[in-house]
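S.K.: sequence? don't have it. structure:
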């Protein structure tokens, strides 16, 4: 294989939830960059939450954030954006309020929620960001440049049920997706990490055949299928392992670093 672009998910892949990038993974990323490979990130995280990870890796490339809705360089230049229409954002806010679902929105790379509760606090601790409690009516004042909305549940079953309900109610004007067991993300149709990879590879002049993606969750499936080669983390869900070409160790075991050395740098 000749891998020129290596695209990684963050949570559960490059780093354990809420933790920093390990020294082993940083060393592997630097070894790949030294070998001429472009190492970048594709994540559901907001840009400000992904940026410190990119800086920790020492990669100065565009990063794919909000599940592909925003591609922005480490220096801050926006290369691509796909925002939800403000009117549609308001409709989702009204629906979630009626159903008494927790909802948070991301407007102009800031985090907003109606009230600070256990869901908001857990999210902030996990992502190392701080949001703003603005009330349900206040959420409607932050509908510009919204990359996605996120509803947090108490279980994977509740998440799946919530996604199914959103698809029934809103049809094809929205694309709800489960990014983690308790995360129901709401983005525009056509937005995905896969689309982000294709746009970035084209911009860099790299053939999709020379790309490799690595991930662990269901929202990684599009990019894993789109990349020329794919690696599943040892802790990945069954659906991810089923479609990937290779499998590495778990996130806690620094399986990411092992994958870089074995499949990108071809070091047995």
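M.R.: Nice, thanks for sending it over. Keep in mind it's a predicted model, so treat the numbers as computed, not measured.
S.K.: Check what pLDDT residue 17 gets.
M.R.: For residue 17, the pLDDT comes out at 69.
S.K.: Show residues contacting stretch 229-246.
M.R.: Residues outside stretch 229-246 that contact it (C-beta atoms under 8 Å, 6 or more residues apart in numbering): 1, 3, 12-13, 211-218, 220-221, 224-225, 247-253, 255-256, 259, 263. For every residue, glycine as well, the C-beta is placed using N, CA and C.
S.K.: Now go through those residues and say which are in helices.
M.R.: Using DSSP state H, 221, 224, 225, 255, 256, 259 are the members of the contacts of stretch 229-246 that sit in helices.
S.K.: sorry, back to before: strands - which of the contacts of stretch 229-246 land there?
M.R.: Among the contacts of stretch 229-246, the residues falling in strands (DSSP state E) are 211, 212, 213, 214, 215, 247.
S.K.: so the third one makes contact with residue 198?
M.R.: No - counting by C-beta atoms under 8 Å, no contact exists between residue 213 and residue 198, whose distance comes to 11.3 Å.
S.K.: Are there residues contacting both of the two? Which ones?
M.R.: Shared contacts of residue 213 and residue 198 (C-beta under 8 Å, 6+ apart): residue 226.
S.K.: Who has more neighbours out of these two?
M.R.: residue 213 (26 against 17; other C-beta atoms under 10 Å).
S.K.: returning to that earlier point: return the members of the ones in helices among the contacts of stretch 229-246 classed as buried.
M.R.: Among the ones in helices among the contacts of stretch 229-246, the ones that count as buried by 16 or more other C-beta atoms under 10 Å are 221, 224, 255, 256, 259.
S.K.: check contacts around the second one.
M.R.: Contact partners of residue 224, counting by C-beta under 8 Å, 6+ apart, are 213, 214, 215, 230, 232, 240, 243, 244.
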